[in-house]
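Chemist: Attaching a predicted model along with its sequence, questions to come.
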Amino acid sequence: MTEASFDQDVPAGAQYVPIADHGLIGDLRSVALVGSNGTIDWYCCPSFDAPSVFGSILDAERGGSFELAATVPARTKQFYFPDTNVLITRFFTEDGVGEVQDFMPITGDTGAEADRHRLIRRVLCVRGSIPFRVRVAPRFEYGASPHTLRVDGDVAVFESAKLSLGLTATVVLEADGTDARADFKLAEGESAVFALDQLGGEVSPRRCPRMEAEEQFTATVAYWRHWLHASKYRGRWREMVHRSALTLKLLTYAPTGAIVAAPTTSLPEQLGGERNWDYRYVWVRDAAFCVYALLRLGFTGEAAAFMKFVTRHITPGDGKPSGPLQIMYGIDGRTDLPERELPHLEGHYGSAPVRVGNAAANQLQLDIYGALIDSIYLYDKWAEPISSEQWDDVCALVDWVCEHWDQPDEGVWETRGGRKSFLYSRLMCWVAIERGIRMANRRGLPADLAHWQQRRDTIYRRIHSRGWSEDRRAFVQYEGSDVLDAALLMMPLTKFIAPTDPKWLSTLDALTDDLICDSLVYRYDPLASPDGLRGDEGTFSICSFWYVEAMVRAGRVDEARLAFEKMLTYANHLGLYAEEISQTGEQQGNFPQAFTHLALISAAFSLDRALG
């Protein structure tokens, strides 16, 4: 047995893998990003919002990684085992072909197995013979906490102050500082297995022999296929829609029903810029939109789980400055999400700062009330009726919106340039009240309908009077401005305005002229509407899919189809999207982004229906 103490050095020449060159695996508690080179360079244990163990995507030298690759020159290709979230990375060399199968077994919600968080990497040589090398270099607490290493044959234990991980292998491991490594060669038909486990009270990790790895692989494949089988989608682009659904499922936190906006933090919206945020939390807006997308596909279980999260954690509170609801919550429902920077990490390709936590949690964003109540309305209509207690909460929220809808707020894009009377916020306040009225009328539920209707109509008239610019012949970003905003693409999607209304068609044309480039949509122009941040950003992918859907509803189906097909070409090799797309077509921002994938599902659904 050998032991070593902490040493942060990693091999010279460590390099970054672009955001898009990754696949995603997970166990409904956390995820890992696997680069196309076979390296796991993002993994938080034991949950989405826990400190990273592997974080080389944010600092190639200090972040930590799990490298596994051929040691001879090789071309690599990645794909998902069909209809699953099991990722295959293939290595093509002069002497043979090998592959790494990466997956995280799905366990039950209770018992010791639920806390195991096992990550399995199976290496197979399928043709010829290939030499491989593995190097497991965890860096605990975002690379800030020291650890020790104990190696005994085919077992390695990494111990830090707050977390211990055990690595078992079917090859002999050796210590290299505080990293575990091995060199091995596989001939055709041979395999090796590496299993990384979170350790609780165990003295040493439980081994994962080849037969058990095969059984876990089969069980994980069966789990994902069984889950996807519930999809009711049979239209065009089925593969992309189902990949988006599988991705949204990976972003759910099974113990509470929470849905995170993205599983990463601080992946830059612009290389070298400061627009780097932590998205590993539950945005009320994003999660509510996810419920809508999943309900459309027939996944009522995920919608029900999120509704339980809503009932348990985000019912109306005591009335903070940000309103009775926060815009985001922790995956366990916590409300305290302090934002801080990690100056010891250089950021993806040097794009500092790296942030954890999110100060936007304290912002006032009035649109979240419409998003949440709309999702409750759809759940009540398509899944099962909400309870009387839930209806009381809805009434409390609608009553609050009726009294506070005309406040300036930070808006849907969480700008840090001061509050304004954003039109999208007004729109979604109208949605909140209108959907409450619909539920009350449809089920005969008690409500102050006269008051609600008066406020709903007031907001409607306010938007048409103060949100419309005669000079631009368009609805604008905020009252009194002539700036456009892609969020307004939601106006016909929420049924606020007819999709063929002349005022809306004029707005659609103006948005096309100002914010759209080759079917890709910018959120807004930060030069015309300063957002308090330096630098530029790419086109916003959810808006590009909103644009498709808005054109479908306006009857411009051929244009919509072309825009949709173009948008599909910007997906990565696995069908995954980040938040934004750069000037050169690269993925930017946190990855993968729930917002983008739920909008893809909705756009595909609407476009397919229009095509017949």
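Modeler: That came in fine, so what should we check first? Numbers count the residues shown, from 1 in each chain.

Chemist: My read is that residue 63 contacts residue 347, right?
Modeler: No: the criterion here is C-beta atoms under 8 Å, and residue 63 misses it with residue 347 at 10.1 Å. From N, CA and C alone the C-beta is placed, and that goes for glycine too.

Chemist: So the two - more neighbours on which side?
Modeler: residue 63 (28 against 23; other C-beta atoms under 10 Å).

Chemist: Grab the nearest non-local neighbour of that one.
Modeler: The shortest distance from residue 63 to any residue other than its chain neighbours is 3.4 Å, reached at residue 55 (C-beta to C-beta, 6 or more residues apart in numbering).

Chemist: For the one you found, report the pLDDT, please.
Modeler: The model reports residue 55 with a pLDDT of 98.

Chemist: so what sits against both of residue 63 and residue 347?
Modeler: Common contacts of residue 63 and residue 347 (C-beta atoms under 8 Å, 6 or more residues apart in numbering): none found.

Chemist: Can you find the helix or strand of the chain with the lowest average pLDDT?
Modeler: strand 2-4 (a mean of 42; mean pLDDT, DSSP states H and E).

Chemist: To which secondary structure element is residue 597 assigned?
Modeler: Following DSSP states H and E, one finds residue 597 within helix 594-611.

Chemist: from the middle of its chain, how far away would that helix be?
Modeler: Mean C-alpha position of helix 594-611 versus that of the full chain (C-alpha atoms, centre = their mean, to the nearest Å) differs by 17 Å.

Chemist: What segments of the stretch 101-250 of the chain are helices?
Modeler: Assigned by DSSP state H, counting those that start in this stretch, the helices in the stretch 101-250 of the chain fall at 140-143, 210-228, 238-250.

Chemist: Who are the packing partners of the longest one?
Modeler: So that's helix 210-228. strand 96-103, strand 119-137, strand 191-199, helix 238-250 (3 or more C-beta pairs under 8 Å, 6 or more residues apart in numbering; DSSP states H and E).

Chemist: switch to 6 Å and redo it
Modeler: If contacts are counted by 3 or more C-beta pairs under 6 Å, 6 or more residues apart in numbering; DSSP states H and E, helix 210-228 sits against strand 119-137.

Chemist: Each with direction, which strands does the strand it packs on pair with?
Modeler: Using DSSP bridges, strand 119-137 pairs in its sheet with strand 65-70 (antiparallel), strand 96-103 (antiparallel), strand 179-187 (antiparallel), strand 191-199 (antiparallel).

Chemist: JSON lines please, covering these and showing mean neighbour count and distance to residue 239.
Modeler: As requested, these are exported to JSON lines (neighbours: other C-beta atoms under 10 Å; distance: least, C-beta to C-beta, whole Å):
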{"stretch": "strand 65-70", "mean neighbour count": "24", "distance to residue 239": "27"}
{"stretch": "strand 96-103", "mean neighbour count": "23", "distance to residue 239": "20"}
{"stretch": "strand 179-187", "mean neighbour count": "18", "distance to residue 239": "31"}
{"stretch": "strand 191-199", "mean neighbour count": "23", "distance to residue 239": "29"}
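
Chemist: quick one, which of the ones you listed is nearest to residue 549?
Modeler: Of all the strands paired with strand 119-137, strand 96-103 sits nearest to residue 549, with 33.7 Å by C-beta to C-beta.

Chemist: Tell me what angle that closest one forms with helix 210-228.
Modeler: Using axes from the mean of the first three to the mean of the last three C-alpha atoms, to 10 degrees, one finds that strand 96-103 and helix 210-228 are set 60 degrees apart in direction.

Chemist: Quick check: closest non-adjacent residue to residue 191.
Modeler: Leaving aside its chain neighbours, residue 191 sits nearest to residue 124 (4.6 Å; criterion: C-beta to C-beta, 6+ apart).

Chemist: where does residue 516 sit relative to residue 551, distance-wise?
Modeler: The gap separating residue 516 from residue 551 is 10 Å, by C-beta to C-beta, to the nearest Å.

Chemist: likewise residue 574?
Modeler: Taken as C-beta to C-beta, the span from residue 574 to residue 551 is 27 Å.

Chemist: Looking only at neighbour counts, state which of those two leads.
Modeler: Using other C-beta under 10 Å, the more surrounded residue of residue 574 and residue 551 is residue 551, with 28 against 18.

Chemist: for whichever helix or strand that one is part of, what is the average pLDDT?
Modeler: Secondary-structure assignment from DSSP H and E places residue 551 in helix 541-553. Helix 541-553 shows a mean pLDDT of 97.

Chemist: helices and strands around that helix, which ones?
Modeler: helix 490-493, strand 520-521, helix 557-568, helix 594-611.

Chemist: and the direction of that helix versus that of helix 594-611, what angle?
Modeler: In terms of direction (the same axes, to 10 degrees), helix 541-553 departs from helix 594-611 by 20 degrees.

Chemist: Now do helix 541-553: distance to the chain's middle.
Modeler: Worked out by C-alpha atoms, centre = their mean, helix 541-553 lies 19 Å from the chain centre.

Chemist: could we number from 36 for the rest of this?
Modeler: New numbering, starting at 36: the last item is helix 576-588.

Chemist: hmm, who's touching it?
Modeler: With contact meaning C-beta atoms under 6 Å, 6 or more residues apart in numbering, helix 576-588 is reached by 521, 524, 527-528, 534, 555-556, 594-595, 598-599, 602, 612, 630-631, 634-635, 638, 641-642, 645.

Chemist: Tell me what angle that helix forms with helix 592-603.
Modeler: When the same axes, to 10 degrees is applied, the directions of helix 576-588 and helix 592-603 differ by 160 degrees.

Chemist: tell me which residues of helix 576-588 are tucked away?
Modeler: 576-588 (16 or more other C-beta atoms under 10 Å).

Chemist: For residue 300, which non-adjacent residue is closest in space?
Modeler: In space, and not counting its chain neighbours, residue 300 is closest to residue 313: 3.8 Å by C-beta to C-beta, 6+ apart.

Chemist: Look at that neighbour and report its pLDDT.
Modeler: Here the pLDDT value assigned to residue 313 is 97.

Chemist: Then residue 143?
Modeler: 65.

Chemist: Give me the secondary structure label for the most centrally placed residue in the chain.
Modeler: Compute the mean C-alpha point of the chain, and by C-alpha atoms, centre = their mean the closest residue is residue 297, 2.5 Å away. Here residue 297 is coil, with the state taken from DSSP: H, G, I helix; E, B strand; the rest coil.

Chemist: next one: residue 426
Modeler: Following three-state DSSP, we place residue 426 in the helix state.

Chemist: Could you give the number of residues near residue 343?
Modeler: For residue 343, the count of nearby residues is 12 (other C-beta under 10 Å).

Chemist: Redo the helices and strands packed on helix 576-588 as CSV? Include mean pLDDT and mean neighbour count.
Modeler: Formatted as CSV, these follow (pLDDT from 0 to 100; neighbours: other C-beta atoms under 10 Å):
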stretch, mean pLDDT, mean neighbour count
helix 525-528, 97, 22
strand 555-556, 96, 23
helix 592-603, 97, 18
helix 629-646, 97, 23
